[in-house]
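Q: how would this look folded up:
(one chain, ligands or ions: 2)
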Amino acid sequence: MTKEQPHGGKFITLEGGDGSGKSTQARLLAEYLRQQSIETLLTREPGGAPGADEIRQLILTGDPDRWDAVGETLLFYASRRNHLRLTIWPALKAGTWVISDRFADSTMAYQGYGNQLGEAAVQRVHDFAVGAFKPDLTFIFDMPPAEGLRRTTGRTHNEDRFEKMDLAFHGRLREGFLDIARKNPDRCVVIDATREIESIQEELRRILKARLMP
Ligand SMILES: Nc1ncnc2c1ncn2[C@@H]1O[C@H](COP(=O)(O)OP(=O)(O)OP(=O)(O)O)[C@@H](O)[C@H]1O
Ligand SMILES: [Mg+2]
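A: Ligands and ions are numbered 1, 2, ... in the order given. You can find the predicted model right below:
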């Protein structure tokens, strides 16, 4: 499936560092689309399909050095391939709009930039596993990493391998996301994620309407 292949649904992704508000905004955006009588599927990565959810546990739990960047990239793409094949592509084909809380830009930012695997290496795996398919619209949530991590401290979950990475890693991550946005201006919009939840949501809806509901 390529971007050129006709499908009724639109594919929207939310990307950015830990605690930047992606899940909060994804839920509100799904609510909004459903209010507009648009059939909407809210999904997330890693995960979003049975096998993909099992891989999620492998990736997100345990020691920070449990996987190296290469192993991690392959796990993410095995998971993403299942997510696309079993969840995202069938939904889009049926005309459903799909909102994904993280997608491929996260692998590029975390493994390519954060872990310094490099852009070309991640892109090769991407081309093999995903091909030319890409989101119709991507929101990149930007904020100082320390602020995002502050929001997530005290949260009780064990899916925290990346939150345990040092601040230098999170700094490279932020620059990575901004670089991705600069290189893909047709698809990506950078969102100032330090603002109030309501005003961010308003901006997302405005951009979404302008770009996808002409
Ligand atoms: N604009 C905001 N201002 C202040 N707090 C916020 C804002 N958006 C979300 N939060 C709070 O910050 C925390 C993290 O938000 P959320 O889970 O949506 O982030 P996330 O980007 O999905 O994080 P992760 O990458 O860890 O999944 C939550 O407690 C949420 O209620
Ligand atoms: Mg989240």
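
Q: Would you verify that residue 159 is located in a helix?
A: No: judged by DSSP: H, G, I helix; E, B strand; the rest coil, residue 159 forms no part of a helix; its state is coil.

Q: So what's the residue count around it?
A: Number of residues near residue 159 (other Cβ atoms under 10 Å) recorded here: 14. For every residue, glycine as well, the C-beta is placed using N, CA and C.

Q: same question, residue 144
A: 16.

Q: Show the backbone phi and psi for it.
A: phi -60, psi 130 (degrees, to the nearest 10).

Q: how near is it to residue 170?
A: From residue 144 over to residue 170 the distance is 9 Å, taken as Cβ to Cβ, to the nearest Å.

Q: Next: residue 79.
A: For residue 79 relative to residue 170 (Cβ to Cβ), the value is 22 Å.

Q: Looking at the two, which is more packed in?
A: residue 79 (25 against 21).

Q: Give me the buried positions along the helix or strand that contains that one.
A: Per DSSP states H and E, residue 79 falls inside helix 69-83. Within helix 69-83, the residues scored as buried using 16 or more other Cβ atoms under 10 Å are 69, 72, 73, 75, 76, 77, 78, 79, 80, 81, 82, 83.

Q: now do stretch 169-178
A: Residues of stretch 169-178 classed as buried: 169, 170, 171, 172, 173, 174, 176, 177, 178 (neighbour count, 16+ other Cβ under 10 Å).

Q: Restricting to C-alpha, output it in CSV.
A: Provided in CSV are the C-alpha atoms of stretch 169-178 (Å, rounded to 0.1, in the frame of the first residue of the first chain):
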residue,chain,number,x,y,z
PHE,A,169,19.3,11.3,25.3
HIS,A,170,16.1,13.2,25.7
GLY,A,171,17.7,16.3,24.4
ARG,A,172,18.8,14.5,21.2
LEU,A,173,15.3,13.1,21.0
ARG,A,174,13.8,16.6,21.0
GLU,A,175,16.2,17.7,18.3
GLY,A,176,15.4,14.6,16.3
PHE,A,177,11.7,15.2,16.3
LEU,A,178,12.3,18.9,15.2
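
Q: So what touches that stretch?
A: Residues from elsewhere that reach stretch 169-178 (Cβ atoms under 8 Å, 6 or more residues apart in numbering): 15-18, 105, 108-110, 112-116, 140, 142, 144-146, 148-149, 190.

Q: Just the mean pLDDT for stretch 118-125, thanks.
A: Averaging pLDDT along stretch 118-125 gives 98.

Q: List of residues touching it?
A: 70, 73, 74, 77, 107, 108, 111, 112, 113.

Q: could I get the residues you listed as a markdown table with distance to ligand 1 and pLDDT?
A: Putting the contacts of stretch 118-125 into a markdown table (distance: Cβ to the nearest ligand atom, whole Å; pLDDT from 0 to 100) gives the following:
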| residue | distance to ligand 1 | pLDDT |
| --- | --- | --- |
| 70 | 23 | 96 |
| 73 | 18 | 97 |
| 74 | 21 | 98 |
| 77 | 19 | 98 |
| 107 | 14 | 98 |
| 108 | 16 | 98 |
| 111 | 15 | 96 |
| 112 | 17 | 97 |
| 113 | 16 | 97 |
